[in-house]
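Peer 1: kindly return the folded structure for what I paste below:
(one chain, ligands or ions: 1)
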Amino acid sequence: MIGAGLAGLAAVAGLAAHGTWHRNSFVFGPAITRLPDQRAVSITFDDGPNPRATPLILDVLKREGVTATFFVLGRHADRWPELVRRMADEGHQLGNHGYWHRKLHRRGPGYVRDDLTRGTESIERASGGVRPRHFRAPHGFRSPWVTAIARSLGQRTVGWSLGVWDSARPGAEEIARRAATGLRGGSILLLHDGDGYDAEGDRLQTAEALPSIIENLRARGLGFATLPD
Ligand SMILES: [Zn+2]
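Peer 2: Got it, this is the predicted structure:
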């Protein structure tokens, strides 16, 4: 009985911790988790730019006339600034994903401020002056100060409504199938044009899946929107 009670308590504590760190949790401040417009979907990419996948993804978006949001990693922007410039020039929204891509939920405020500030500066430098208005934490992990520090930099924190585990490379068809099954009007889709740990990591499946993801949404009468300011 006591054992069961303790197990129950542990489960509740586990849930609370998970809920607190969850990307869409309001415990550590508000996050954008859905679009106000129920007739549109927002396509977002994390961890780029990537030298092979990002140009292909930009080609698809241009051909299809779709505007997306890129949560750029400062460390990768420093390496391939011309790709960040291209995102901006082609009308896409640039968001901050920090600089180092370490999980932030156990880091102190000094570390978090430094990581977010460096990420912002790299994006501004690479893009020719675009100041990001949104921030997404690596893995969505936050703490009491992450969202407040982002806000002090003029950035709203963003979660996502659907992740399709494209970073595990299950095959382009499977990525497109998961997106088609899970997306609804108002959804924010998380995809990866880069790899937060390996700067040259393979994200070609995501690029390959993108045309069918867009085609499926169009066939259902849904449009595309960037994130609200
Ligand atoms: Zn990431």
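Peer 1: contacts and neighbour counts: CA atoms only from here.
Peer 2: Noted.
Peer 1: spell out which parts of the protein neighbour the ion.
Peer 2: Residues of the chain lying near the ion by CA under 5 Å from the ion: 47, 138.
Peer 1: centre-most residue in the chain?
Peer 2: In the chain, the C-alpha nearest the mean C-alpha coordinate belongs to residue 46, at 4.3 Å (CA atoms, centre = their mean).
Peer 1: next one: phi and psi at that residue?
Peer 2: Main-chain dihedrals, residue 46, degrees, to the nearest 10: phi -110, psi 160.
Peer 1: next, the residue in the chain that the ion sits nearest to: phi, psi?
Peer 2: Nearest to the ion in the chain, going by CA to the ion, is residue 138, at a distance of 4.3 Å. Here is the backbone geometry of residue 138 (degrees, to the nearest 10): phi -50, psi 120.
Peer 1: equivalent analysis for residue 188, please.
Peer 2: According to degrees, to the nearest 10, residue 188 has phi -110, psi 110.
Peer 1: again, but for residue 143
Peer 2: phi -150, psi -180.
Peer 1: can I assume it is in contact with residue 109?
Peer 2: No - in this structure residue 143 lies outside contact range of residue 109 using CA atoms under 8 Å: 9.2 Å.
Peer 1: would you check how far apart residue 211 and residue 60 are?
Peer 2: 7 Å (CA to CA, to the nearest Å).
Peer 1: of residue 143 and residue 109, which one has the most company?
Peer 2: Shown here are residue 143 and residue 109; by other CA atoms under 10 Å, residue 143 has more neighbours (19 against 16).
Peer 1: nearest residue to the more buried one other than its sequence neighbours?
Peer 2: Spatial nearest neighbour of residue 143, excluding adjacent residues (CA to CA, 6 or more residues apart in numbering): residue 105 at 4.8 Å.
Peer 1: how about residue 201?
Peer 2: Using CA to CA, 6+ apart, the closest residue to residue 201 is residue 195 (5.3 Å).
Peer 1: so who does the one you found touch?
Peer 2: Residue 195 sits next to 46, 47, 48, 50, 167, 201, 202, 203 when contact means CA atoms under 8 Å, 6 or more residues apart in numbering.
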